[in-house]
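> Next input, structure requested:
(chains A and B)
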Amino acid sequence: MYLTKHSSMNGSKNRLYLLFGLLVMYLLLTVVTVFAQDVTDTEYRPFPGIGSRNAAWIAAQLHLLFGSFILGVPMFAVVIEFVGMKTKDKRYDKMAQEFIKLCMGAFSTTALMGGVLVFILIWCYPKVMNKLSGIFGPTMIFYVILFFGETFTLYLYSYGWDRMQGRVSKMWHLFLGVLLNVFGTAIMFVSNSWLTYQTSPAIMGSDHEPIPLHDESGAFIGTLWQAVNNYTWMPVNIHRLIGNIAFGGAIVGAYSAFRFLAAKTREDKAHYDWMGYTGNFIALCGLIPLPFAGYWLGREIYMFNNTMGINMMGSLFSWLFIIQAVMIGVLFIGANYYLWSGMTRIAGGERYARYRPYMIAIIVLSVAVWMTPRTLIMSPTELAAIGGPNHPLVGLFGLMTAKNTVVNLIILTTFLSFLFYRRSGKTPTVGWSKVGNIVIAAIVGLAVAAIVTIGIAGFKVASDFRVNVLTPIQVIIALAVMILVTIIDLIMYRKAMRSSEISWGQMTDRSQYVLILLAITFTSLMGLMGYARSGLREAWHIFGVMPDTSPDAHTPLLADAVNMISVIMVIFFALVGFIFWLGLWGDKKKEQQPSIEAEATTGDD
Amino acid sequence: MQRLSLFTKCLIIFVVLWLFLRFFIGSVWSVPLPASVISMYLGLILLAILVHVSVEDDRFREFLRPVKETLADDDRRTRRTVLFVLIPLVMLGLSFSRLSTKADPPAVLRTAHPAPPTELEYRDKVIGLTQEVENPFRHLEKDDTEAFKAHVDNGRRVYYQNCFYCHGDDLDGEGHFAHGFNPPPANFQDPGIIPNYQESFFFWRISKGGPGLPPAATPWDSAMPVWEDHLTEEEIWDVILFLSEYTGYRPRTFGEAAH
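A predicted model of the protein is given here:
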């Protein structure tokens, strides 16, 4: 009821925003080619006050954050809707609808930010845009078509939700959801091609070697498809695709936490607790494979250009990756904390509490290894005492073999947390449950031993063997264990006796603040990694082809970048907070409505 | 005997781990941990403790109970007074030690692995430094072992004539002059040195030395000489072969295994 009323209340407002955003996008994208073709002499124009680079940075990052949210949410919304249809549980359907409602609020802001970004780029960097539109012109038109496709599919999907509830029409509705994701993913892939081309304007040769797409004068000599399918396009596509799911889940989790903390009734608390749990679960599903996708992207950057790779992990941006380790540590600790808190709302969950200290120890020790830099920060006195920048013990933690090992351990521990959560309140009825548990413990124990042994061996072997053989084996072991244990656990608990129901709503406020912290950490992490991805080009608009000769061509210091990302994050959360508040505001209106109606009825009497 | 409260237990764990990091590691490896690492690890330990005590409401209340009692209960007045005097004094001492002038220069962020240029000029010859560039004598390892051994022997001669004064006779960075330099000379026995760099990287660093460090390699204070003024190109490639042969570590490659 609420959703229907609320949808209609905010519907016209959303439509207005959306139309305005579309209009801005259409106008700006239409003038790109025309405008850029006329400008050949002007290379740069200053942006008043904050400078061109900062203006483009803010607009691009905000566009990307909102874009990531609106691309990520429909992916799991359609899955949840499907689950609702299959289980005939209306709660899933309503939750998926609420997710999409959040999307609608963010969709218009994404379009607006995209419009602002295009405007800034055309105004401040006409020559760059001229070059890019010269190569990618047709894809830009394709992008506009896709954008229209996504907009109207989202319209139909969102506003047709209540109307399309019949058996056949539900299938059509699900089809619309899938179509929405197809459009959204295609949009991201197209825009990724532009920015990855700026980083790696080359294609991959048969021997993995980069083949440039420009001659020595800088003239483009490739085809449009080669420019699109450039060296780092697909790794970025996959990384962002998974990242969007994780980010979307985290923002939904934060929204639910916000609503949980503001909820006045037990029903509301239960509803938003469940929604927050789902958001965190989705974020975890994205978070677990994300390091693997990131590893692939990093490897491809090394293969494209060794200097760029070393700049990323060993030189210019290496300290950034220490901050990244801290942030990912916060994400995993936070996600586990939320799961452990969740077990307190299930009677029977306490039997797993005895494992918690060990799991905390494994995760924290692993995070400690992950965030230890290879070259330690030390005073000259400490340097002299240690005898070099690399400590004989913790200096080894700075090497990739140590870091890859602990990442796998963190992922496996998080998986176990989820396994325990799933088992809480259930008792298996199969006769072989004891043997099953022993087998699971043996599988996990052996896997941990194998991952650690391979990690230690990684210190001794040639680096290409480690990168191409040992690290993939570690990843395969971790993934295989998760799949195998899940299968055994599913069979073991298929006809399990549920000894107690989950008491939704009985969560600590602390756990809700953790959900908000996760969303903040995801956002700042995306900002930081965006800075690394873009900064890797150094003083080039298109790496090795088109130099950046603007006054802003320098690579900003990490401290400056962190300040800028923090400002962007504050703006983002202010906007997201506004969208969340709109949801609450609509609720208040809804609550007041019956009393007004009641008064009116009394008056008539 | 009265049982220890959860808060006291956590405090003891924290102090024991601090002592472990501060003194035990230093005495076992005879090398202490830098303050930056200790504070980072202590932060994580604190986080782990807080996570453990705050997951469940009952445990969290139990953890906070002595704190609340100390702050509010009448029979804890002495403890409260002592803490209210002690805590500001400790803070004062910490602030004083941080703000007081020290002879020790501040800690620096060193870029120990600068990115090499894609090519370098060596005595009017341009040498590419991309990942495809290999040591020109590396192929002899398979093709002509005698010739390869001759190059390694030549590298050994070059090393002990020029490099060992700083990098040490065991290639462990413990040469006669090593302790006079900041940063200290590279320790090639460290598993994180040779396997992490390509041979072309070593060629670049040896030939251009400290003065040839790129802008990103702050703080640009390496004492490594510019060896292109003293050694031939072949001698530099030979000494790189020797480093690898002596230590047993293979330099990073993008060889066939990479594909």
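> Near chain B, which residues of the stretch 201-350 of chain A? Just list them.
Within the stretch 201-350 of chain A, the positions near chain B by C-beta under 8 Å from any C-beta of the partner chain are A:207-209, A:302-303, A:305-308, A:310-311, A:314-316, A:318-319, A:329, A:333, A:337, A:340-341, A:344. For glycine as for every other residue, the C-beta is placed from the backbone atoms N, C-alpha and C.
> Which secondary structure state does A:Ile413 sit in?
Heads up, residue A:413 is Thr, not Ile. helix (DSSP: H, G, I helix; E, B strand; the rest coil).
> pretty sure it is touching A:Ile362, no?
Yes - under the criterion of C-beta atoms under 8 Å, A:Thr413 makes contact with A:Ile362 at 5.0 Å.
> How about the secondary structure of A:Ala450?
Under three-state DSSP, A:Ala450 comes out as helix.
> Just the buried ones from the residues of the stretch 201-350 of chain A next to chain B?
A:209, A:302-303, A:305-308, A:310-311, A:314-316, A:318, A:329, A:333, A:337, A:340-341, A:344 (16 or more other C-beta atoms under 10 Å in any protein chain shown).
> and the longest helix for chain B?
If you go by DSSP state H, chain B has its longest helix at helix B:77-99.
> avg pLDDT for that one?
Helix B:77-99 carries an average pLDDT of 92.
> what do you get for stretch B:148-164?
96.
> Buried residues of that stretch, list them for me.
B:148, B:151-152, B:154-156, B:158-159, B:162-163.
> so the closest residue to B:Ala35 other than its chain neighbours, which of the three states?
Once flanking residues are discounted, B:Ala35 sits nearest to A:Glu382: 7.0 Å by C-beta to C-beta, 6 or more residues apart in numbering or on different chains. Following three-state DSSP, we place A:Glu382 in the helix state.
> same thing with B:Leu120?
Going by three-state DSSP: B:Leu120 is strand.
> ok, which residues in the stretch 501-605 of chain A are in contact with chain B?
So far as C-beta under 8 Å from any C-beta goes, the stretch 501-605 of chain A lies against chain B at A:508, A:510.
> which one is the residue in the stretch 1-150 of chain B that chain A sits nearest to nearest to, not counting chain neighbours?
Scanning the stretch 1-150 of chain B for the residue nearest chain A gives B:His113, at 3.2 Å (criterion: C-beta to the nearest C-beta). Using C-beta to C-beta, 6+ apart and skipping the chain neighbours, the partner closest in space to B:His113 is A:Gly314 (3.2 Å).
> can I see the domain layout of the chain?
In the absence of a named chain, this looks at chain A. Here the domain parsing of chain A from automatic domain parsing is A:2-206+A:219-345+A:502-594, A:346-501.
> My question was about chain B, not that one.
B:6-99, B:119-258.
> deepest of those domains, which one?
Comparing the domains of chain B by mean neighbour count (mean count of other C-beta atoms under 10 Å in any protein chain shown), domain B:119-258 comes out on top with a mean of 18.
> right, and out of the buried residues of stretch B:148-164, which lies closest to chain A?
Using C-beta to the nearest C-beta, these come closest to chain A at B:Cys163, 16.0 Å.
> these two touch, right, the closest one and B:Val239?
Yes - at 6.9 Å, B:Cys163 and B:Val239 qualify as touching, with contact defined as C-beta under 8 Å.
> So which residues of the chain form strands?
This is for chain A. Taking DSSP state E, the strands of chain A run over residues A:202-204, A:210-212, A:426-427, A:497-498, A:540-542, A:546-547.
> You answered for a different chain; I wanted chain B.
B:119-122, B:125-128.
> Next, format these as JSON lines and append distance to chain A and mean pLDDT.
Listed next are the strands of chain B as JSON lines, based on distance: least, C-beta to the nearest C-beta, whole Å; pLDDT from 0 to 100:
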{"stretch": "strand B:119-122", "distance to chain A": "10", "mean pLDDT": "82"}
{"stretch": "strand B:125-128", "distance to chain A": "11", "mean pLDDT": "80"}
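> A:Leu132 is nearest to which of these?
Of all the strands of chain B, it is strand B:119-122 that lies closest to A:Leu132, at 27.6 Å by C-beta to C-beta.
> which regions of the chain sit below the pLDDT cut-off?
As the question left the chain open, I've gone with chain A. A:1-41, A:583, A:586-605 (pLDDT under 70).
> try again with chain B
B:1-2, B:130-132, B:254-259.
> if we go to 80?
B:1-2, B:27-30, B:101-113, B:118-119, B:128-134, B:215-220, B:253-259 (pLDDT under 80).
> Spatially central residue for it, please.
B:Ala112 (8.7 Å; C-alpha atoms, centre = their mean).
> That one touches A:Thr375, doesn't it?
Yes - between B:Ala112 and A:Thr375 a contact is recorded at 4.3 Å, counting by C-beta under 8 Å.
> Find residues that contact each of those two.
The contact sets of B:Ala112 and A:Thr375 overlap at A:389-390 (C-beta atoms under 8 Å, 6 or more residues apart in numbering or on different chains).
> Check the contact between A:Gly149 and A:Thr185; I expect there is one.
No - taking contacts as C-beta under 8 Å, A:Gly149 lies outside contact range of A:Thr185: 11.8 Å.
> rewinding a little: can you say which of the domains of chain A is nearest to B:Pro136?
Per C-beta to C-beta, nearest to B:Pro136 of the domains of chain A: domain A:2-206+A:219-345+A:502-594, 18.0 Å.
> Give me the distance from that closest one to the chain's centre.
Between the mean C-alpha location of domain A:2-206+A:219-345+A:502-594 and the chain-wide mean there is a distance of 7 Å, by C-alpha atoms, centre = their mean, to the nearest Å.
> Also stretch B:24-42?
Counting by C-alpha atoms, centre = their mean, stretch B:24-42 comes out at 12 Å from the chain centroid.
> List the contacts of that stretch.
Counting by C-beta under 8 Å, 6+ apart, A:368, A:371-372, A:376-379, A:382, A:385-387, A:391-394, B:14, B:17-18, B:21-22, B:107 sit against stretch B:24-42.
> For PyMOL, what selects the buried ones among those?
Applying 16+ other C-beta under 10 Å to the contacts of stretch B:24-42 leaves a buried subset, and the PyMOL line that selects it is:
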select buried, (chain A and resi 368+371+372+376+377+378+379+382+386+387+391+394) or (chain B and resi 17+21+107)
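> Tell me where the stretch 151-259 of chain B has helices.
Remark: helices assigned in the stretch 151-259 of chain B by DSSP state H, counting those that start in this stretch are B:164-167, B:199-208, B:233-247.
> and of those helices, who's closest to chain A?
Per C-beta to the nearest C-beta, nearest to chain A of these: helix B:199-208, 8.0 Å.
> just checking, what packs against that closest one?
strand B:119-122, strand B:125-128, helix B:233-247 (3 or more C-beta pairs under 8 Å, 6 or more residues apart in numbering or on different chains; DSSP states H and E).
> swap the cut-off to 6 Å and go again
helix B:233-247 (3 or more C-beta pairs under 6 Å, 6 or more residues apart in numbering or on different chains; DSSP states H and E).
> what's in contact with the helix it packs on?
B:135, B:137, B:151-152, B:154-156, B:158-159, B:171, B:188-189, B:194, B:199, B:202-203, B:206-207, B:251 (C-beta atoms under 6 Å, 6 or more residues apart in numbering or on different chains).
> For residue 81, list the residues it contacts.
Picked chain A for this. Per C-beta under 6 Å, 6+ apart, neighbours of A:Glu81: A:Ala96.
> Actually, chain B is the one I wanted.
Here B:Thr81 is in contact with no residue (C-beta under 6 Å, 6+ apart).
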